[in-house]
Structures are given as C-alpha cells and as structure tokens.
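A.B. asks: coordinates only, sequence not included:
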C-alpha cells in the first residue's frame with residue numbers, strides 16, 4: 001500500500017529570511033506613520049518607537065526559535081500552544097488565524113494591491129462599477145430589515161485575480177511559491193532602498209524637521225499612554241514575523257535555519273523601517289506626517305515631484321503582492337496541522353501527491369479570503385483581532401516556561417537567549433500593553449474575544465467527530 005504524500009523540506013535559509021521579511025513588510029509601513037507621529041509627538045520618539053518595537057519583538061523571536069527548533073513541524077505557533085496548553089487553546093488560536101487573521105490579511109493586502117494598481121492604471125480602479133447586488137438583511141439598531149448593497153468594481157476583480165493567482169502558484173509546488181515570493185521581496189527591498197537613498201541624496205527635505213515637535217494641545221495623549229497606542233500601529237507593521245514558524249515542516253535543517261531566519265529577518269526589517277521613517281521625517285515635519293494617512297506618498301511628492309506618486313503606488317502594490325504571497329503560503333500550513341489533529345476539516349490534512357502541498361487547505365483559504373475581499377468587512381475584523389494576535393504572542397512566549405517545566409529533558413538544538421529574563425520582560429511589557437489596549441480600545445478588544453469564542457462550538461463538533469471516526473478507523477484496520 002502506497003504511503004500518503006508528505007510535505008517536503010525545500011526552503012533554504014535565504015528563502016526563510018526572505019519569507020519572513022516579505023511577510024512583515026506589506027502596506028503597514030507606508031500607512032502607519034500618521035498614527036505613530038500623532039501619539040509620539042516628538043521626532044526622537046517617532047523614530048525610537050520603531051527600534052523599541054523591534055527590541056520588544058526580538059525576545060519573542062528568541063523564545064519562538066527555541067520551540068521551533070524543538071518542534072520543526074507545519075503549524076509552528078499552533079504546535080507550541082498545543083504542546084504547552086493542550087488542544088483546545090491551540091484550536092482557538094488556529095480558529096482565529098483561519099477566520100480573521102490570515103484571510104483578513106490576504107483580503108486587505110489584495111485590496112491594497114488593487115487600489116494602488118488602480119492609481120497606476122485608472123481603467124481598473126474602483127471608479128468602474130461592474131454591477132450592484134442588492135439583498136435584504138438585518139441591520140444593527142433596526143427592528144426590521146433593510147436593503148444592503150454589494151458593489152463589485154474592477155478593483156475587486158484585480159484583488160480576486162491576485163488571490164487566485166497566488167493560491168494556484170502555491171498549490172503547484174513549494175518551490176514555485178518560494179521563487180515568486182523571493183522575487184517580490186527582492187523587488188520590495190530595491191524599491192525601499194531607492195526611496196531612502198535617492199530621498200537623502202537628491203530629495204528636497206530638511207534636517208531641521210528632526211528638531212521640531214508637534215505643538216502641545218489639551219487633547220495630546222499622556223506620554224506613556226501615547227507610546228502604548230503608537231505601539232499598536234508599530235506591532236501591526238511588524239506583524240508577520242511568525243509566518244516562518246508555520247512552514248517549519250518545509251524548512252531545510254530547521255534546527256539551525258529557523259532560529260537564524262527569525263533573528264536575521266527581524267533585524268533586516270527593523271533596519272529598513274527605521275531608514276524609511278527617517279526619510280519621512282527628512283521630507284516632512286511632524287505636523288504634516290501626523291496629518292497624512294498616506295505619508296509615503298506625501299513624502300515622495302515633497303522630495304521629488306507629483307510624478308513620484310505614480311512610482312510610489314507601484315512600490316506599494318509590489319509590497320502588498322509579496323506580503324500576500326507569503327500569507328497565502330504560510331497560513332494554509334496552520335489549517336493543515338489542525339486537520340491532522342482532527343480539530344478542523346479532515347480533508348485539509350491531505351497533501352497533494354503530485355505537488356506535495358496542502359492543496360485543499362490553500363483552496364479553502366483562498367475562497368474565504370476572496371469572500372472577505374468582496375464583502376469589505378475585513379478591516380473591522382482585522383482591527384478587532386489584532387489585540388488577540390498580540391495576546392497570542394505573549395501566551396506563546398509563556399509556553400516556553402511551561403515546556404521547560406513539562407519537557408526538561410527534551411532536545412533543544414537552540415536555547416532561548418537571555419532565558420528567563422528576556423522572555424519574562426516580554427511578558428511584562430506584553431501585559432502592560434494588553435491592559436493599555438483594553439483601556440484605550442475596549443470595544444475592539446471585546447469583539448476580538450467574541451470572534452475567538454465563536455469557535456468553541458466548532459471545536460466541540462470536531463472533537464465529537466474525531467471520537468466517532470476513531471472506532472470506525474480501528475474496525476477498518478482489522
């Protein structure tokens with residue numbers, strides 16, 4: 001009897017570093033500067049917050065690196081939570097990843113890619129409506145029903161086409177998916193490097209902007225609270241470093257390459273983030289940065305000319321495309337791991353015998369991502385679940401302490417740097433940030449808890465199905 005197909009270890013150290021960088025650098029770095037500036041208020045803190053964000057994230061990478069070397073399997077963080085806290089906690093994490101985190105990220109990046117392609121080629125912009133679909137439904141605050149509309153534009157078609165293309169490429173083999181995301185990542189590096197170097201070398205800016213703070217006002221945030229709120233945007237911009245752990249089952253020599261890729265990749269991204277924000281500040285004073293949601297475009301136009309906006313739109317489109325490719329590749333491995341444990345659709349545990357990829361998992365993810373992209377509801381969902389994502393990182397760093405106690409003699413090819421002080425410091429900072437986020441963003445935090453809790457009935461169902469399937473499998477074996 002032939003053995004079922006398995007995932008193959010085809011990702012090198014360079015692939016892994018590029019994958020991590022690509023997963024982090026999406027649209028966030030081009031859009032978050034306004035929030036960061038309005039909450040940090042001084043040039044020094046505006047730049048320092050990006051270094052602070054990296055330094056806070058680095059101890060989490062150290063902790064994940066130890067667990068990744070211990071459990072170099074598909075699913076990554078899901079596996080660490082399962083081994084430390086049990087299947088139920090791991091399932092809730094995986095449920096959040098499937099329903100909102102990855103699918104919402106793919107939908108948002110697809111929308112961002114399509115929006116900026118539309119700026120370059122107006123013929124495929126949102127201004128061109130294809131059809132409007134009207135349907136009845138309930139509305140919050142209304143006792144009766146009301147008519148809802150779904151407007152589909154050419155921009156939607158660009159977004160859906162990108163999701164379909166990247167899903168297919170990843171179905172047709174790990175190497176094809178890796179090559180595509182590598183090309184997109186190198187293009188992203190080149191574009192950011194060009195903006196930074198040309199901006200400082202020939203761009204119209206002023207180093208005097210580095211000494212001008214935002215004017216004080218009665219509504220200005222208290223400094224510590226402002227840093228906490230600014231870190232929400234910074235953590236969002238850094239989010240995606242965990243992706244490499246999800247594909248650990250396909251990394252070559254994972255005991256060595258997984259820890260290296262986590263640390264090197266994060267340091268590369270942190271350096272790029274600091275450089276690009278330094279250029280923003282060179283181009284624009286703090287008041288203009290705080291007032292511009294599209295700060296990258298405003299900075300490029302200020303340094304060069306109005307024509308630079310078109311080039312920058314292409315740069316952001318490429319960045320979104322590369323990040324979307326990485327999210328699609330990595331997310332499917334989490335659902336594959338859940339299905340192998342029997343706490344998700346069992347069919348997703350099958351690997352394509354021809355391409356050695358979790359094809360069914362990729363298809364389901366693509367369908368759900370496309371649905372979110374069409375509905376436009378991904379923004380609210382993603383905002384709600386960001387609180388839970390950061391909380392899951394803290395919970396996973398805590399898992400390091402649990403596993404050191406539960407499995408003291410287990411092989412640890414890499415041991416967390418600075419243990420126990422650095423991971424404990426991360427937990428302390430994460431706890432303070434969580435309390436601040438609950439106070440500042442109470443509604444979003446509560447909705448995040450609700451979205452995760454919705455998965456509980458599904459867990460109960462799949463566990464019952466799992467118990468029913470086992471006797472049947474045993475009888476078949478006899």
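C.D. replies: Thanks, I have it. Nothing here was measured: the structure is a model prediction, and the numbers come from that model.
A.B. asks: Apart from its neighbours in sequence, what residue is nearest residue 80?
C.D. replies: residue 67 (4.4 Å; C-beta to C-beta, 6 or more residues apart in numbering). From N, CA and C alone the C-beta is placed, and that goes for glycine too.
A.B. asks: residues in contact with that neighbour?
C.D. replies: Residues near residue 67 by C-beta atoms under 8 Å, 6 or more residues apart in numbering: 80, 83, 396, 399, 400, 403.
A.B. asks: quick one: the helices in the stretch 251-400 of the chain?
C.D. replies: Assigned by DSSP state H, counting those that start in this stretch, the stretch 251-400 of the chain shows helices spanning 254-283, 286-291, 295-303, 308-340, 359-375, 378-406.
A.B. asks: where among those helices is the average confidence lowest?
C.D. replies: In terms of average pLDDT, helix 378-406 trails the rest of those, at a mean of 83.
A.B. asks: pLDDT (mean, whole number) over the helix or strand where residue 62 lies?
C.D. replies: Assigned by DSSP states H and E, residue 62 belongs to helix 43-70. Helix 43-70 shows a mean pLDDT of 93.
A.B. asks: what comes up buried for that helix?
C.D. replies: 43, 45-47, 49-50, 52-54, 56-70 (16 or more other C-beta atoms under 10 Å).
A.B. asks: Now the element after that helix, going C-ward?
C.D. replies: helix 77-85.
A.B. asks: what comes into contact with that following helix?
C.D. replies: With C-beta under 8 Å, 6+ apart as the criterion, helix 77-85 contacts 64, 67-68, 71, 73, 89-90, 93-94, 97, 242, 245-246, 334, 337-338, 341, 392, 395-396, 398-399, 402-403, 406-407.
A.B. asks: of these, buried ones?
C.D. replies: Buried, going by 16+ other C-beta under 10 Å: 64, 67-68, 71, 73, 89-90, 93-94, 97, 242, 245-246, 334, 337-338, 341, 392, 395-396, 398-399, 403, out of these.
A.B. asks: Dump the helices of the stretch 251-400 of the chain into CSV; add distance to residue 192 as well.
C.D. replies: Formatted as CSV, these follow (distance: least, C-beta to C-beta, whole Å):
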stretch, distance to residue 192
helix 254-283, 6
helix 286-291, 18
helix 295-303, 10
helix 308-340, 8
helix 359-375, 26
helix 378-406, 23
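A.B. asks: Figure out which of the ones you listed is closest to residue 216.
C.D. replies: helix 286-291 (12.2 Å; C-beta to C-beta).
A.B. asks: From what I see, residue 324 and residue 162 are in contact.
C.D. replies: Yes - the pair residue 324 / residue 162 is scored as a contact, 6.5 Å apart, by C-beta atoms under 8 Å.
A.B. asks: Tell me how many other residues crowd the closest residue in space to residue 232 that isn't next to it in sequence.
C.D. replies: Nearest in space to residue 232, with sequence neighbours left out and distances taken as C-beta to C-beta, 6+ apart, is residue 437 at 6.5 Å. Neighbourhood size, residue 437 [other C-beta atoms under 10 Å]: 22.
A.B. asks: ok, and residue 437, which helix or strand is that part of?
C.D. replies: helix 421-440.
A.B. asks: and that helix, what other elements does it pack with?
C.D. replies: Applying 3 or more C-beta pairs under 8 Å, 6 or more residues apart in numbering; DSSP states H and E, we find helix 421-440 packed against helix 43-70, helix 223-238, helix 378-406.
A.B. asks: which stretch among those comes nearest residue 208?
C.D. replies: That would be helix 43-70 among the helices and strands packed on helix 421-440, by C-beta to C-beta, at 10.2 Å.
A.B. asks: Now do the contacts for the residue positioned nearest the centre of the chain.
C.D. replies: Centroid-nearest residue in the chain, with C-alpha atoms, centre = their mean: residue 240, separated by 3.7 Å. Going by C-beta under 8 Å, 6+ apart, residue 240 touches 20, 23, 24, 25, 26, 105, 323, 326, 327.
A.B. asks: Please tell me which one of those residues counts the most neighbours.
C.D. replies: residue 326 (34 neighbours).
A.B. asks: Who are the contact partners of that one?
C.D. replies: By C-beta under 8 Å, 6+ apart, the residues touching residue 326 are 19, 22, 23, 181, 240, 243.
A.B. asks: do that again at 6 Å, thanks
C.D. replies: 19, 22, 23, 181, 243 (C-beta atoms under 6 Å, 6 or more residues apart in numbering).
A.B. asks: Only the buried members of those residues: can you turn that into a ChimeraX selection?
C.D. replies: Per 16+ other C-beta under 10 Å, the buried members of the contacts of residue 326 correspond to this ChimeraX selection:
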select :19,22,23,181,243
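A.B. asks: Restricted to helices, list the contacts of residue 326.
C.D. replies: 19, 22, 23, 181, 243 (DSSP state H).
A.B. asks: now for the residues you listed, which pair is the farthest apart?
C.D. replies: 181 and 243 (10.3 Å).
A.B. asks: Look up phi and psi at residue 151.
C.D. replies: phi -100, psi 120 (degrees, to the nearest 10).
A.B. asks: That one: neighbour count?
C.D. replies: Neighbours of residue 151 (other C-beta under 10 Å): 14.
A.B. asks: Quick check: beta-bridge partners of it?
C.D. replies: residue 132 (DSSP bridges).
A.B. asks: does it really touch residue 131, like I thought?
C.D. replies: No - contact criterion C-beta atoms under 6 Å: residue 151 and residue 131 do not qualify, at 8.0 Å.
A.B. asks: what about the stretch 101-250 of the chain, any weak spots by pLDDT?
C.D. replies: Confidence mapping of the stretch 101-250 of the chain against pLDDT under 70 gives the ranges 135-148, 217-222, 224-225.
A.B. asks: Which residue, other than its chain neighbours, is closest to residue 434?
C.D. replies: residue 391 (6.0 Å).
A.B. asks: Can you get me a residue count around that neighbour?
C.D. replies: A count of nearby residues for residue 391, using other C-beta under 10 Å, gives 22.
A.B. asks: and it, how far is that from residue 235?
C.D. replies: 11 Å (C-beta to C-beta, to the nearest Å).
A.B. asks: which residues are in contact with both of those two?
C.D. replies: By C-beta under 6 Å, 6+ apart, no residue touches both residue 391 and residue 235.
A.B. asks: re earlier: deepest-packed of the helices of the stretch 251-400 of the chain, please.
C.D. replies: Highest mean neighbour count among those (mean count of other C-beta atoms under 10 Å): helix 308-340, with a mean of 25.
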